[in-house]
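Asker: Build me a model:
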Amino acid sequence: MRTSAFLERELSQRQVALFYLLATSLYVLPLILADFPYIDDNWRTLAAGNAWAGQGRLFADWFFQALSFTDAAPNIFPLPLLLASVAMSLALTRLTFHYFTEPTLASCLVALPLWYNPFLLQNLSYQYDGPIMALSMVAVICAITFEGASRVQRWLVPAALLGLAIGLYQISFNVFLGLCCVESIRAVQRQTPWPEILRMVGWKLAQAGLGILIYSVTAYPFMETLRKTDLLNLHTNPLLQIGINFARIVESVALLFHGGYAWIFAALVLCAVAGGVRMVLCREHRWPSLLLCLLTLPVLALLVPGITLLFRDFNEGARTLMGFGVLLSGLFYLAHVALASGHRRLPLLLIIPLLATLSLSFAYGRVLSLQKTFASSALYSLSHDIAAHRELREAKRIYLSVSYSDRWLTSATGSFKQLPVLHYLLNVDYFILAENLSAAGITNVVAERERRNATRVGYQGFPALVDSLYYRIYLIGDYGFIVMKEPPHGRKLQW
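Answerer: The predicted structure is shown next:
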């Protein structure tokens, strides 16, 4: 009886915050345990470099400078991620009380997909950028939930928070627009008069415009010129390019719906449709409500990639799909409406898709651990070969030619087969980076892109000083060249 009463009773703000703190911490625990330097983390750790201002993310520089008490960005992982998790817990608490005046445990499940977004795992993999992206979402949630005492406060504070969010990570703008769509769904469910709904939508769009203006006069002037020109070329067919980009995103998102995940998502969509129908039937003017619901869900789907569709240098990586969490939250809200109409305990079924996502997080954490083990073994082999040859140790420069392949990590083949989305989330298809060798005390290895004439012509025809199973090392005068081989089909990696 006590358990039943706890599941149904109203939770205090402290209890909701503790629930979210536990849930958010569980989700990032596998990433903390793996402790895998992810892509950009390698060179940032080596140089303690920030360099976010040139990407239009000035406030990310400020964050690490303030947190590390330096004018650079030494690696202090996992402290930033832990702080971001706490901040997200408080933000989700605000959002829950914004959605529900008397929240229960089931109510807390509605906002949690913003964090339990499967594609957010790639964002959080970055030891530097992950916490920044999370904090940008926190700023967006605070902008949505802020309720000031005066009209000026309700106008300026959300816009300033949105400008801060964009200055941390521009793609968080998708999250803001998506949460505005969820606000429209809430307004229909609460039977808000149509003039007030239209006024609310206009108010949010005005806040978005002012937020972009604040960003344009604060962080945007520090953006590099090349970055500013990264939009679609208007001389081409932009609509065609947007369609092509969106199709690529759909293919990537479809990797998630494999096995039981497909059935869970299908059940969630059916419950959401039932919730939308119930909301429409409860309204006096049903056709406008139906039209709004029919428009909102496609917009939420479009906001999964959102503004990235406009970029000329289109990035289809999972870290750009922050809007998928908002789509899930919208579906959860509608499903909550449908399930609560049947029985007050039925919304607790929403915990099933959340548990599936949590399971995916732990599976992804194990894949990161395997990648870390493989990279460490590769680092040991390569550093041993260099240290064993005096000519290589004393070479002025050794240029590393990075080879990319999706067949390096054979130890995770079974996981990739059962959960294809794991390979998409990992997005690591290289053998080793030049920055990694500094960890073994080897400082004369640099990426081949730093060579003026980065081509293999310079060492073709010469015998290899070292011919390993997965790389060759050439020495020509005072300069060495590391050339990675393509991993052989059907053979296990051995070191």
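Asker: Okay, now the unreliable bits of the stretch 201-350 of the chain?
Answerer: By pLDDT under 70, the low-scoring segments of the stretch 201-350 of the chain are 230-236, 283, 285.
Asker: Enumerate every residue touching A17.
Answerer: Residues in contact with A17 (Cβ atoms under 8 Å, 6 or more residues apart in numbering) are S89, L90, T93. (C-beta placed from N, C-alpha, C; glycine too.)
Asker: Could I get the contacting residues of the first one?
Answerer: Residues in contact with S89 (Cβ under 8 Å, 6+ apart) are A17, Y20, L21, A23, T24.
Asker: Sticking with it, tell me its helix or strand.
Answerer: Assigned by DSSP states H and E, S89 belongs to helix 79-99.
Asker: Average pLDDT for that helix, rounded please.
Answerer: Helix 79-99 shows a mean pLDDT of 97.
Asker: buried ones in it?
Answerer: 80-81, 84-99 (16 or more other Cβ atoms under 10 Å).
Asker: so I351 sits in a strand?
Answerer: No. Using DSSP: H, G, I helix; E, B strand; the rest coil, the assignment for I351 is helix, not a strand.
Asker: what separates it from Y424, distance-wise?
Answerer: Taking Cβ to Cβ, to the nearest Å as the measure, I351 falls 25 Å from Y424.
Asker: Looking at those two, which one has more neighbours?
Answerer: More crowded of I351 and Y424, by other Cβ atoms under 10 Å: Y424, with 22 against 15.
Asker: which residues touch the nearest residue in space to that one that is not next to it in sequence?
Answerer: Excluding its sequence neighbours, the residue lying closest to Y424 (Cβ to Cβ, 6 or more residues apart in numbering) is L255, at 5.1 Å. Counting by Cβ under 8 Å, 6+ apart, L255 makes contact with P420, V421, H423, Y424.
Asker: closest to Q241 among those residues?
Answerer: Closest approach to Q241 among the contacts of L255 (Cβ to Cβ): Y424, at 21.7 Å.
Asker: correct me, but L297 touches V326?
Answerer: No. L297 is beyond contact range of V326, at 11.4 Å (criterion: Cβ atoms under 8 Å).
Asker: for stretch 470-485, the distance to its chain's centre please.
Answerer: Relative to its parent chain, stretch 470-485 has a centroid offset of 36 Å by Cα atoms, centre = their mean, to the nearest Å.
Asker: ends of it, how far apart?
Answerer: Terminal residues of stretch 470-485 are spaced 5 Å apart (Cα to Cα, to the nearest Å).
Asker: What is the subsequent helix or strand relative to the helix or strand harbouring L355?
Answerer: Following DSSP H and E, the helix or strand that holds L355 is helix 351-387. Past helix 351-387, further along toward the C-terminus, the next helix or strand under DSSP H and E is helix 390-393.
Asker: Identify each buried residue in that next one, please.
Answerer: Under 16+ other Cβ under 10 Å, the buried positions of helix 390-393 are L392.
Asker: and that helix, what does it pack onto?
Answerer: helix 351-387, strand 471-476 (3 or more Cβ pairs under 8 Å, 6 or more residues apart in numbering; DSSP states H and E).
Asker: Next, format these as TSV and append distance to S401 and mean pLDDT.
Answerer: Listed next are the helices and strands packed on helix 390-393 as TSV, based on distance: least, Cβ to Cβ, whole Å; pLDDT from 0 to 100:
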stretch	distance to S401	mean pLDDT
helix 351-387	13	93
strand 471-476	9	88
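Asker: Kindly reformat these as CSV and extend each row with distance to N436.
Answerer: Output for these, formatted as CSV (distance: least, Cβ to Cβ, whole Å):
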stretch, distance to N436
helix 351-387, 5
strand 471-476, 13
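Asker: Please list all residues in contact with V326.
Answerer: L114, N174, V175, G178, L179, C181, V182, L300, L303.
Asker: Need the pLDDT of the nearest residue to it once chain neighbours are set aside.
Answerer: Closest residue to V326 apart from its sequence neighbours, by Cβ to Cβ, 6+ apart: G178 at 3.1 Å. According to the prediction, G178 has pLDDT 97.
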